[in-house]
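Asker: Give me a model of this one.
(2 chains)
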Number of protein chains: 2
Amino acid sequence: MLNTLLNHRSIRKFRQLPVESQKLNSVLEAAVRGSNTGNMQVYSIVLTTDAEVKSKLWETHFKQEMVSQAPVIATFCADINRFSKWCDIQDADAGYDNFLWFMNASIDAIIAAQNFCVAAEDYDLGICYLGTTTYNADKIIEILKLPKGVVPVTSVVLGYPDEAPEKEDRLPLKGVVHFDTYSDYQKDDIEKIYQEKENSEKTKDLLKINDKENLAKIFTDNRYKKADNLLFSQKFMEVIEKQGFMNNKQ
Amino acid sequence: MLNTLLNHRSIRKFRQLPVESQKLNSVLEAAVRGSNTGNMQVYSIVLTTDAEVKSKLWETHFKQEMVSQAPVIATFCADINRFSKWCDIQDADAGYDNFLWFMNASIDAIIAAQNFCVAAEDYDLGICYLGTTTYNADKIIEILKLPKGVVPVTSVVLGYPDEAPEKEDRLPLKGVVHFDTYSDYQKDDIEKIYQEKENSEKTKDLLKINDKENLAKIFTDNRYKKADNLLFSQKFMEVIEKQGFMNNKQ
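Answerer: Numbers count the residues shown, from 1 in each chain, chains lettered A, B, ... in the order given. Below is the predicted model of the structure:
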């Protein structure tokens, strides 16, 4: 089991095979067994296998090939809609349309997503998270018909792997773990923490292909640019407001 | 492995035994192996075992006994501080002090937290999430000395269990999973989904003890009250702004 966790690789190429419904069911059972806020389960999982819906999702996820290739797209949503409806029926005053509950519901959704992924990998299925979920959340809401009180937080593509990639590197444990309190990083610390990543063959190849002087600039100039980050920050804030999670005042 | 996931229980009573450092190390290795945004690992884990720091954390987590009892408190933080410092050294223009990256970093932190929990449970250790982390994030920032660019998102108490609670109920799978697109809930659906929960012996006992007419009101009137939710929503929004995650405009 620890091996399943330690052997994780993101899979971006899939065989043209469906996922057996019994297996999918077990993966879902594992997902919902995860910890959640007050056992209120303020999340929903939308499983998309239909070709037409998948094709629309593929467009919003920047046309990444894995989205059209994978037989299943699972969209994990923060969801206070179901719980609030239950409260309404019981004449109970639901007060969950605010940012605290956007956080609680997002945490619930992500814990469910990660259990989903771990269970899937334990079955030799492959997964990859789609960070693009928050970028075009407005379009995903339209495609998946998400009502007020529901916001997509992350997505996972699922299927049988058609590649066997090497393990990705990670920063040394010391670089991300702090003891008792946070020890802020000095220049020396940062240089040590990133040394291996900077000097890897993979990085050298990347610098050549991208004609860049260092790896950090590949992130800031090519992959995750400030202007895009600002645009998507504003868009996502608008989405959570529109979906009714920003009523923070008495 | 699937069994580890399916047998999850939150543990709130711990034996007075430390967690062996080798075990803790494996749990951490599993935590950092999880998927993360662009392999940037924009999170930090603060492991607290020191009695004095733990006692301060216990106060901020509403003096829940498990926080003082458990030998380890792990605080999982969204962290763009380390990555941005690296960018600065490389003369790269880091643009991560915005809400999109608060989301990305929070997702990274929670995936790491859940891998941490699954690995721990696989070792027969017990865990419980502390939802109170976002409530008093300002105080946790002070206690753990978190710099700008770092926000605590969730915490986990860890140790050897001193109780063997029953499995918590969950809503039926059909209640939280949607196929292809979201099917919004009608009154009948909600009643079906919550029927088992409403009629359980546990609920009947709760209603008696709390002198309430239904379970929903125990949530809205006792456990998660609107006024508290609004207060903590405002507080947490202020925290993420103060920590530098709300520079969303050009």
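
Asker: Name the SS class of A:S44, please.
Answerer: strand (DSSP: H, G, I helix; E, B strand; the rest coil).

Asker: separation between it and A:A30?
Answerer: From A:S44 over to A:A30 the distance is 16 Å, taken as CB to CB, to the nearest Å. C-beta coordinates here come from the backbone N, C-alpha and C atoms, glycine included.

Asker: ditto for A:L146
Answerer: Distance from A:L146 to A:A30, by CB to CB: 24 Å.

Asker: Would you map the helices across chain A?
Answerer: A:2-6, A:21-33, A:51-60, A:65-69, A:81-89, A:99-122, A:137-143, A:173-176, A:187-198, A:201-210, A:215-217, A:226-242 (DSSP state H).

Asker: of all those, which gets the most neighbours per residue?
Answerer: Here the criterion is mean neighbour count by mean count of other CB atoms under 10 Å in any protein chain shown, and of the helices of chain A the winner is helix A:99-122, at a mean of 26.

Asker: ok so, going back, looking at the helices of chain A, spot the one closest to chain B.
Answerer: Nearest to chain B among those is helix A:226-242 (2.5 Å), distances taken as CB to the nearest CB.

Asker: Go ahead and produce CSV holding the CA coordinates of the closest one.
Answerer: This file holds the C-alpha atoms of helix A:226-242, laid out as CSV (Å, rounded to 0.1, in the frame of the first residue of the first chain):
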residue,chain,number,x,y,z
LYS,A,226,1.9,36.4,-14.1
ALA,A,227,-0.6,37.9,-16.6
ASP,A,228,-2.4,34.5,-16.9
ASN,A,229,-2.3,34.0,-13.2
LEU,A,230,-4.0,37.4,-12.6
LEU,A,231,-6.6,36.8,-15.3
PHE,A,232,-7.5,33.4,-13.9
SER,A,233,-7.5,34.6,-10.3
GLN,A,234,-10.1,37.2,-11.2
LYS,A,235,-12.1,34.8,-13.2
PHE,A,236,-12.2,32.2,-10.4
MET,A,237,-13.1,34.7,-7.8
GLU,A,238,-16.0,35.8,-9.9
VAL,A,239,-17.1,32.1,-10.3
ILE,A,240,-17.2,31.4,-6.6
GLU,A,241,-19.1,34.6,-6.0
LYS,A,242,-21.6,33.8,-8.8
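
Asker: Just name whatever secondary elements that helix is in contact with.
Answerer: For helix A:226-242, the packing partners by 3 or more CB pairs under 8 Å, 6 or more residues apart in numbering or on different chains; DSSP states H and E come out as helix A:137-143, helix B:99-122.

Asker: nearest to A:T37, of those?
Answerer: helix B:99-122 (12.2 Å; CB to CB).

Asker: Could you dump the helices and strands packed on helix A:226-242 into JSON lines with mean pLDDT added?
Answerer: Listed next are those as JSON lines, based on pLDDT from 0 to 100:
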{"stretch": "helix A:137-143", "mean pLDDT": "98"}
{"stretch": "helix B:99-122", "mean pLDDT": "98"}
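
Asker: Make CSV out of the ones you listed and add distance to B:N199.
Answerer: Output for those, formatted as CSV (distance: least, CB to CB, whole Å):
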stretch, distance to B:N199
helix A:137-143, 34
helix B:99-122, 30
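
Asker: out of those helices, which comes closest to A:L125?
Answerer: helix B:99-122 (16.5 Å).

Asker: Can you name the residues that contact A:L17?
Answerer: With contacts defined as CB atoms under 8 Å, 6 or more residues apart in numbering or on different chains, A:L17 is in contact with A:P71, A:G159, A:Y160.

Asker: In chain A, where's the longest strand?
Answerer: strand A:150-159 (DSSP state E).

Asker: from the chain's centre, how far out does it sit?
Answerer: Offset of strand A:150-159 from its chain centre (CA atoms, centre = their mean, to the nearest Å): 6 Å.

Asker: likewise stretch A:146-164?
Answerer: On CA atoms, centre = their mean, the centre of stretch A:146-164 falls 7 Å from that of its chain.

Asker: What separation do you get for the spatially most central residue of chain A and B:D108?
Answerer: In chain A, the centroid-proximal residue (CA atoms, centre = their mean) is A:T154; its distance is 3.5 Å. Note on A:T154: its distance to B:D108, by CB to CB, is 11 Å.

Asker: Check A:L231 too.
Answerer: A:L231 is 21 Å from B:D108, by CB to CB.

Asker: show me the contacts for the residue lying farthest from the centre of chain A.
Answerer: Residue farthest from the centre of chain A, counting by CA atoms, centre = their mean, is A:D91 at 34.8 Å. By CB under 8 Å, 6+ apart, the contact list for A:D91 reads B:N214, B:K217.

Asker: who's in contact with A:V153?
Answerer: A:F76, A:C77, A:A78, A:S106, A:A109, A:I110, A:T133, A:T134, B:M103, B:I107.

Asker: Touching, the first one and A:A109? I think so.
Answerer: Right, the one you point to is A:F76. Yes. In this structure A:F76 lies within contact range of A:A109 using CB atoms under 8 Å: 4.2 Å.

Asker: can you list residues touching both of the two?
Answerer: A:Y43, A:S44, A:V153, A:T154.

Asker: Check those against B:D124 and report the nearest one.
Answerer: For those, the nearest to B:D124 is A:Y43 (27.6 Å; CB to CB).

Asker: what's the distance between the nearest residue to that closest one once chain neighbours are set aside and A:V151?
Answerer: Sequence neighbours aside, A:A109 is the residue nearest to A:Y43 in space, at 3.9 Å (criterion: CB to CB, 6 or more residues apart in numbering or on different chains). Distance from A:A109 to A:V151, counting by CB to CB: 9 Å.

Asker: With A:L130 instead?
Answerer: 15 Å.

Asker: Kindly report the same for A:M237.
Answerer: 11 Å.

Asker: do the same with A:K225
Answerer: A:K225 is 24 Å from A:V151, by CB to CB.

Asker: higher neighbour count, those two?
Answerer: Counted by other CB atoms under 10 Å in any protein chain shown, A:K225 and A:V151 do not tie: A:V151 has more neighbours, with 26 against 14.

Asker: from memory the more buried one sits against A:T75, does it?
Answerer: No. Contact between A:V151 and A:T75 fails when scored by CB under 8 Å: they sit 10.4 Å apart.
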